[in-house]
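Novice: My questions concern the predicted model and sequence given below.
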Amino acid sequence: MTDAIYPQVRIVTVRLLNPETVERVMNLILATEGVRRVILNGPRLPPTITTGPAKGQPNIHEMRRTVKMGEQDVEMQVHVGTILLELENRDVIPAIKAACEAGFGEMQWYLQEGRYMKTEPSLVDYAKYGPYADKAIIGMADPSSKKGPTIIQGIK
């Protein structure tokens, strides 16, 4: 079980981010020692249109691209507006702020400290992954998703 003693921060921008900005900021954050888990939040970008007369057709969206985070390619499944981080300790927060300042440039953003991720398995986690699921993905289950979260190598 994920221990509740780990600090969590939320990075919020004044607008939704382009994939290039997400790639730049995430690579700076991932290069920082002490990041345990990351969740990228925003409106979902489904591969096919889910409602209306065009239902079932490909969803051609310019924000649905593949970006490189660390050493692996990650397909953007959301239009990122918020980045949630779970850290090893509070000493990492100044390094996260420095990474955000370098990555966002002139864009307005702010960092909040609090509780933003689940720290214990929920019923959704149990139903999606079973009783012996990887404890690193607690609270990262999207009940409407057909696949699990993207695990980026290099994060503990």
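Specialist: Sure thing, it's come through.
Novice: So for residue 154, what pLDDT did the model give?
Specialist: Residue 154 carries a pLDDT score of 55 in this model.
Novice: Low-confidence stretches in the protein?
Specialist: Applying pLDDT under 70 to the chain flags residues 1-4, 139-156.
Novice: what bridges to residue 109?
Specialist: As for beta bridges, residue 109 partners with residue 13 under DSSP bridges.
Novice: what ranges do the helices span in the protein?
Specialist: When secondary structure is read from DSSP state H, the chain shows helices at 19-30, 93-104, 123-129.
Novice: residue ranges of the strands in this protein, please?
Specialist: Per DSSP state E, the chain carries strands over the ranges 8-13, 35-41, 66-69, 72-75, 82-87, 109-114.
Novice: before we move on, the earlier item: please produce JSON lines containing the helices of the chain, extended by mean neighbour count and distance to residue 71.
Specialist: For the C-beta atoms, the positions are set from N, CA and C on the backbone; glycine is no exception. Conversion of the helices of the chain to JSON lines gives the following (neighbours: other C-beta atoms under 10 Å; distance: least, C-beta to C-beta, whole Å):
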{"stretch": "helix 19-30", "mean neighbour count": "19", "distance to residue 71": "10"}
{"stretch": "helix 93-104", "mean neighbour count": "16", "distance to residue 71": "18"}
{"stretch": "helix 123-129", "mean neighbour count": "14", "distance to residue 71": "25"}
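Novice: among those helices, which is nearest residue 38?
Specialist: Closest approach to residue 38 among the helices of the chain (C-beta to C-beta): helix 19-30, 7.1 Å.
Novice: tell me the angle of the closest one relative to strand 8-13?
Specialist: Computed with axes from the mean of the first three to the mean of the last three C-alpha atoms, to 10 degrees, the direction of helix 19-30 lies at 150 degrees from that of strand 8-13.
Novice: Can you tell me which helices and strands helix 19-30 packs against?
Specialist: Using 3 or more C-beta pairs under 8 Å, 6 or more residues apart in numbering; DSSP states H and E as the contact criterion, the elements in contact with helix 19-30 are strand 35-41, strand 66-69, strand 82-87, helix 93-104.
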